[in-house]
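Fold the following and give me the result.
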Amino acid sequence: MIRQATAADIPDLARVHVEAWRQTYAGHVPEALLAPERVEFRARMWTAILAGGEGPYLALVAPDDRGALAALGLFMPASEAPAGWDHEIRSLYLLRHIQRRGIGAAMLAQGRDWVRARGGRNLMAWALDANTGAQDFYRATGAVEIARREVPAGNATLAEISFGWDPV
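Coordinates of the predicted model:
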């Protein structure tokens, strides 16, 4: 069911990323930040990633019951992590209709296996302070809170919490 993403998945990756982003952050971020989210932008992002433009990564996808791509995960060496954290979940999004079926946990397990195979020690992820669903998921999978930060987002400032699995 879960498999590595390929270049053929880019249109669906972009669509799911935008749709899941809007589902996840509606009510948590100003509407002005959701409105400009575009499939074309995400398609360019996924094209660069799958072409190796961002370095080593593990990109996963999963379908829904009809076979349509409905989940994505992106694991990579840390670029926005607190000191001492070597890998991060850059994206882990599931469309609402396939959440709570174990797909996110299975993607996380594959990501943790990938980090271990690379010699990584730990894995972290950022979640909006207002996104209690993500926080609950991370805690349920064994993560602990490791840091907090505020990030500018347009005319707003958003509070984020990082969660970590150490060791992976």
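
can you map out the strands along this protein?
Assigned by DSSP state E, the chain shows strands spanning 3-4, 58-63, 69-77, 87-94, 123-128, 144-153, 156-165.

export those to JSON lines and tack on mean neighbour count and distance to residue 20?
Yep, even glycine has a C-beta here, placed from its N, CA and C like the rest. Converted to JSON lines, the strands of the chain look like this (neighbours: other Cβ atoms under 10 Å; distance: least, Cβ to Cβ, whole Å):
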{"stretch": "strand 3-4", "mean neighbour count": "12", "distance to residue 20": "18"}
{"stretch": "strand 58-63", "mean neighbour count": "20", "distance to residue 20": "12"}
{"stretch": "strand 69-77", "mean neighbour count": "22", "distance to residue 20": "8"}
{"stretch": "strand 87-94", "mean neighbour count": "23", "distance to residue 20": "4"}
{"stretch": "strand 123-128", "mean neighbour count": "23", "distance to residue 20": "14"}
{"stretch": "strand 144-153", "mean neighbour count": "13", "distance to residue 20": "18"}
{"stretch": "strand 156-165", "mean neighbour count": "17", "distance to residue 20": "18"}
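
could you dump the ones you listed to TSV with distance to residue 37 and mean pLDDT?
As requested, the strands of the chain are exported to TSV (distance: least, Cβ to Cβ, whole Å; pLDDT from 0 to 100):
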stretch	distance to residue 37	mean pLDDT
strand 3-4	25	96
strand 58-63	19	97
strand 69-77	15	97
strand 87-94	12	96
strand 123-128	15	96
strand 144-153	12	94
strand 156-165	15	94
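
Dump those to a markdown table, plus distance to residue 14.
Shown next, in a markdown table, are the strands of the chain (distance: least, Cβ to Cβ, whole Å):
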| stretch | distance to residue 14 |
| --- | --- |
| strand 3-4 | 17 |
| strand 58-63 | 12 |
| strand 69-77 | 10 |
| strand 87-94 | 12 |
| strand 123-128 | 21 |
| strand 144-153 | 21 |
| strand 156-165 | 23 |
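
Let me know which of the ones you listed is the nearest to residue 111.
Closest approach to residue 111 among these (Cβ to Cβ): strand 69-77, 3.9 Å.

so the closest one versus strand 123-128, what angle?
120 degrees (axes from the mean of the first three to the mean of the last three Cα atoms, to 10 degrees).

Note down every partner strand of strand 69-77 and its orientation.
strand 58-63 (antiparallel), strand 87-94 (antiparallel) (DSSP bridges).

Noted, bye for now.
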